[in-house]
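Colleague: After the sequence you'll find the predicted model.
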Amino acid sequence: MIPFTTVRVVGPSMEPTVRNGQWWIVRKGSRLNPGDVVLMQHPQRPQLNVVKRLHHKEGDGWWVLGDNPTVSDDSRQFGAVADDLIVGRLVWRYR
């Protein structure tokens, strides 16, 4: 498994922490903790990857929230996210 991937953020759901248009390196398979910003597969639209903040564990999944709640599609709409939908943790912004 390749331990890193990249993502270009599209949209304002994580502003001001992660901004629209930024590029990030994502570490796959890293240990996850509440507060981490992660790349994940959207649970209702499998073809879409999104960036969200881990809030807390809930059962077998994570409660995830956007830092900009007025525009974020997150666990308030779709509930907890299964562990296997988490791609990895954002670790470095490079653009």
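Modeller: Yep, it's here.

Colleague: before we move on, what SS does Arg76 have?
Modeller: Following DSSP: H, G, I helix; E, B strand; the rest coil, Arg76 is assigned to helix.

Colleague: what's the burial count for it?
Modeller: The number of residues packed near Arg76 is 12, by other C-beta atoms under 10 Å. All C-beta atoms are positioned from the backbone trio N, CA, C, and that covers glycine.

Colleague: any idea how far it lies from Ile2?
Modeller: Separation of Arg76 from Ile2 (C-beta to C-beta, to the nearest Å): 33 Å.

Colleague: Ok, Gln47 next?
Modeller: Counting by C-beta to C-beta, the gap from Gln47 to Ile2 is 21 Å.

Colleague: same question, Gln22
Modeller: For Gln22, the distance to Ile2 - C-beta to C-beta - is 21 Å.

Colleague: what do you get for Arg53?
Modeller: Distance from Arg53 to Ile2, by C-beta to C-beta: 24 Å.

Colleague: what about these two, which has more around it?
Modeller: With other C-beta under 10 Å as the criterion, Arg53 and Ile2 differ in neighbour count, and Arg53 comes out ahead with 22 against 6.

Colleague: The more buried one against Trp62, yeah?
Modeller: No. With contact defined as C-beta atoms under 8 Å, Arg53 and Trp62 do not form a contacting pair (9.8 Å).
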